[in-house]
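Trainee: Build the 3D model from these lines:
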Amino acid sequence: MSHQVQRARALVGHLKVADLFAGAGGLSLGFMAEGAQVVVAVERDADAAATYRGAHERLAGPGGTTVDVYEQDICDVDFRPYRGRLDVIVGGPPCQPWSLGGLRRGRADPRDGIPQFARALYEAAPRAFVLENVAGLARGEARRAFELIVAVLAGHEPLERLVGPGVGKGARLGYEVSWRALQAADYGVPQNRLRLFVVGTEPGAGFQWPAPTHGPGRPLPYVAAGEVVSASARGEANPASVTYAAHPSLRPDPYHGKLYNGGGRPIDLSKPAPTMLASMGGNKTPWVDTASTVPEYHAHLAAGGAPRSGQVPGARRITVVEAAALQGFPDWARFVGSRSSQYRQVGNAVPPPLARAIARQLLACLSASSAGQRSQPAQPGRATRPSHRGRRASLSRSGRPLRTVSKVDPDVALARRPGQVPVECGQGGPAGQRRVKHAAVGEFQPRGRPQVGQPQCFSLGALCYPDADGEQVVEHLLPTSHPGATDEHLGKVQ
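Mentor: Predicted coordinates:
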């Protein structure tokens, strides 16, 4: 382990994380594996919340920290009491509004959780955030909505454009925003799973995306599905059968096409598995070919053979335990609820090894940023302004004028985070939460050794920082009409 990584890990011990739309806790597991402390989680689904609590109770030990678990709708959670107490907010807002399976209703879909995620950022003012969603959010018809989301997060558009008029009238966030679509298999997950990640940091933090570690030309080969799934089932069997399709649709790859009934594809155990979907359960569950029927039947059809009927010999659906292993969950992970609920929790989760790769980079950059600020004392009478490193901003071309620097009463400047003008928060913990414990680092060790990658692209927004007198300074760096704001896109899906 490099000295830089050792130093970064030594600094992250007190970084506090909130996990919104927490589900089974994939993001939390990844951040905890890098030494962060998850102090609050929000999940309204009772089964998923129970799974989340169970995971933290499993990790609990002497000296473990507490986590407030809100089993309720995020709309009813007030994050203002956490202002100044959180370093990072992470979460995967419901992706159905933007996914092909969810009909892509986007912001018109009441399940859209992104506005509530933005509200939490406004109220709690963390130093950084990680937002996960389907890759389709940055493509096609959804792209314009995605650009608005990023513009709000970066402070180029007011918060009310996303959240509505009831929260923070005229307020703006001001994070340095970067986004990228990451393939889970590239980070040691035995599954092909492309997901979009949006990372925001305090300006000048210099977040760098983790470099892929697995695959051709990289330090490690892809992790094949066969490393965690075999012909013999692990866990409670799924009784759903696999039958031949009456009208098969042939593709070059035997494991693709529509040769069998149901939505679950056969898994080629020599490669990463196809994406584990939240709709798993019954005949939508992927399956294992224990009798080598798939390549034989494909060759039969390619040679002009007639379609078969009935059950496929040797086919069995994967279990919840196996689906979780294909998502990169540790072997001890257990899921609560009916079989369909457990499959749904697995399919909705962020793979913990992928979450860990992002957490390692984010926590290292925040720790380095904190160490740099401590090593450079502010000059009397001058504000310490984080460097924006010359990154460009884009999106809207409304031509807003440069905003002037303003100061805030230090009595209410509690957060000292990039974001909005701080508001006064109450004392004491919020009411109605449940508390459980989790232990520190080391219990979860997924595969993969993420390395430092290259930054994608950043956008500039508002800065909010304390000056030498302890007063909070809020400054907007660039108008969208500035000559430096010329990029048409904030990033590329790679």
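Trainee: what about the strands in the stretch 101-250 of the chain?
Mentor: With strands called from DSSP state E, counting those that start in this stretch, the stretch 101-250 of the chain shows them at 128-134, 176-183, 194-201, 210-211, 244-249.
Trainee: could you dump these to TSV with mean pLDDT?
Mentor: Listed next are those as TSV, based on pLDDT from 0 to 100:
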stretch	mean pLDDT
strand 128-134	96
strand 176-183	97
strand 194-201	97
strand 210-211	97
strand 244-249	95
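Trainee: could you dump the longest helix seen in the chain to CSV, C-alpha only?
Mentor: When the chain is scanned for its longest helix (criterion: DSSP state H), the result is helix 352-375. Coordinates of the C-alpha atoms in helix 352-375 are reproduced here as CSV (Å, rounded to 0.1, in the frame of the first residue of the first chain):
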residue,chain,number,x,y,z
PRO,A,352,-20.3,-3.2,-2.8
PRO,A,353,-17.0,-3.6,-4.6
LEU,A,354,-17.9,-0.9,-7.1
ALA,A,355,-19.1,1.3,-4.3
ARG,A,356,-15.8,0.7,-2.5
ALA,A,357,-13.8,1.7,-5.5
ILE,A,358,-15.6,5.1,-5.7
ALA,A,359,-15.4,5.5,-1.9
ARG,A,360,-11.7,5.0,-1.9
GLN,A,361,-11.2,7.8,-4.4
LEU,A,362,-13.7,10.2,-2.9
LEU,A,363,-12.5,9.8,0.7
ALA,A,364,-8.9,10.1,-0.3
CYS,A,365,-9.6,13.4,-2.1
LEU,A,366,-11.6,14.8,0.8
SER,A,367,-8.9,13.8,3.2
ALA,A,368,-6.2,15.3,1.1
SER,A,369,-8.3,18.5,0.7
SER,A,370,-8.8,18.7,4.5
ALA,A,371,-5.1,18.2,5.1
GLY,A,372,-4.2,20.8,2.6
GLN,A,373,-6.5,23.4,4.1
ARG,A,374,-5.1,22.7,7.6
SER,A,375,-1.5,23.1,6.3
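Trainee: What residues sit buried inside that helix?
Mentor: 352-370 (16 or more other C-beta atoms under 10 Å). C-beta: built from backbone N, CA, C; applies to glycine.
Trainee: for it, packing partners?
Mentor: For helix 352-375, the packing partners by 3 or more C-beta pairs under 8 Å, 6 or more residues apart in numbering; DSSP states H and E come out as helix 3-11, helix 26-33, strand 88-91, strand 128-134, strand 194-201, strand 210-211.
Trainee: any chance of the ones you listed in a markdown table, plus mean neighbour count and distance to residue 39?
Mentor: What follows is the helices and strands packed on helix 352-375, written out as a markdown table (neighbours: other C-beta atoms under 10 Å; distance: least, C-beta to C-beta, whole Å):
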| stretch | mean neighbour count | distance to residue 39 |
| --- | --- | --- |
| helix 3-11 | 14 | 18 |
| helix 26-33 | 28 | 10 |
| strand 88-91 | 27 | 10 |
| strand 128-134 | 25 | 15 |
| strand 194-201 | 24 | 19 |
| strand 210-211 | 20 | 24 |
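Trainee: Present these as TSV; the columns should include distance to residue 57.
Mentor: What follows is those, written out as TSV (distance: least, C-beta to C-beta, whole Å):
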stretch	distance to residue 57
helix 3-11	25
helix 26-33	13
strand 88-91	20
strand 128-134	24
strand 194-201	28
strand 210-211	30
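Trainee: Out of these, which is closest to residue 298?
Mentor: Closest approach to residue 298 among the helices and strands packed on helix 352-375 (C-beta to C-beta): strand 194-201, 25.1 Å.
Trainee: who's in contact with that closest one?
Mentor: Counting contacts by C-beta atoms under 8 Å, 6 or more residues apart in numbering, the residues outside strand 194-201 that touch it are 121, 127-135, 137-138, 149-150, 153-154, 173, 175-184, 207, 209, 275, 350, 354, 358, 362, 365-366, 369, 418, 493.
Trainee: So for stretch 263-270, mean pLDDT?
Mentor: Averaged over stretch 263-270, pLDDT sits at 95.
Trainee: Buried ones in that stretch, by neighbour count?
Mentor: So stretch 263-270, judged by 16+ other C-beta under 10 Å, has buried residues 263-269.
Trainee: First-to-last residue distance for that stretch?
Mentor: Counting by C-alpha to C-alpha, to the nearest Å, you get 21 Å between the two ends of stretch 263-270.
Trainee: residues in contact with it?
Mentor: When contacts are taken as C-beta under 8 Å, 6+ apart, the neighbours of stretch 263-270 outside the stretch itself are 224-226, 229-230, 242, 254-256, 260, 273-274, 277, 279-280, 283-289, 294, 315, 317-318.
Trainee: Please flag which of the residues you listed sit within strands.
Mentor: With strands taken from DSSP state E, the overlap with the contacts of stretch 263-270 comprises 260, 287-289, 315, 317.
Trainee: Closest to residue 306 out of these?
Mentor: residue 260 (15.6 Å).
Trainee: just the helices in this protein please.
Mentor: Under the criterion DSSP H, the chain carries helices at the ranges 3-11, 26-33, 46-59, 114-124, 143-154, 160-163, 293-302, 320-326, 339-348, 352-375.
Trainee: Quick one: list the elements packing against the third one.
Mentor: If contacts are counted by 3+ C-beta pairs under 8 Å, 6+ apart, helix 46-59 sits against helix 26-33, strand 65-70, helix 339-348, strand 434-438.
Trainee: What helices and strands are in contact with the second one?
Mentor: Right, strand 65-70. The criterion is 3+ C-beta pairs under 8 Å, 6+ apart, and the helices and strands that strand 65-70 contacts are strand 37-42, helix 46-59, strand 434-438.
Trainee: buried set for the longest one?
Mentor: For helix 46-59, the neighbour count (16+ other C-beta under 10 Å) marks 47-56, 59 as buried.
Trainee: what residue ranges in the stretch 1-150 of the chain score low on pLDDT?
Mentor: 1-14, 59-65, 95-111 (pLDDT under 70).
Trainee: what's the closest of the helices and strands packed on helix 352-375 to residue 345?
Mentor: Across these, residue 345 has its closest neighbour in helix 26-33 (9.5 Å, C-beta to C-beta).
Trainee: So what would you say the end-to-end distance of stretch 240-255 is?
Mentor: End residues of stretch 240-255 are separated by 19 Å (C-alpha to C-alpha).
Trainee: Same question for stretch 313-323.
Mentor: Across stretch 313-323, the straight-line distance between its terminal residues is 21 Å, by C-alpha to C-alpha.
Trainee: again with stretch 74-89
Mentor: 13 Å.
Trainee: now swap in stretch 31-40 and tell me
Mentor: When the termini of stretch 31-40 are compared using C-alpha to C-alpha, they are 13 Å apart.
Trainee: just stretch 265-275 next, same as before
Mentor: The stretch stretch 265-275 measures 10 Å between its terminal residues, going by C-alpha to C-alpha.
Trainee: Among the buried residues of helix 46-59, which one lies nearest to residue 161?
Mentor: Distance to residue 161 across the buried residues of helix 46-59 (C-beta to C-beta) is lowest for residue 48, with 30.3 Å.
Trainee: Quick one: residues contacting that closest one.
Mentor: Per C-beta under 8 Å, 6+ apart, neighbours of residue 48: 22-24, 336-337, 341, 345, 348.
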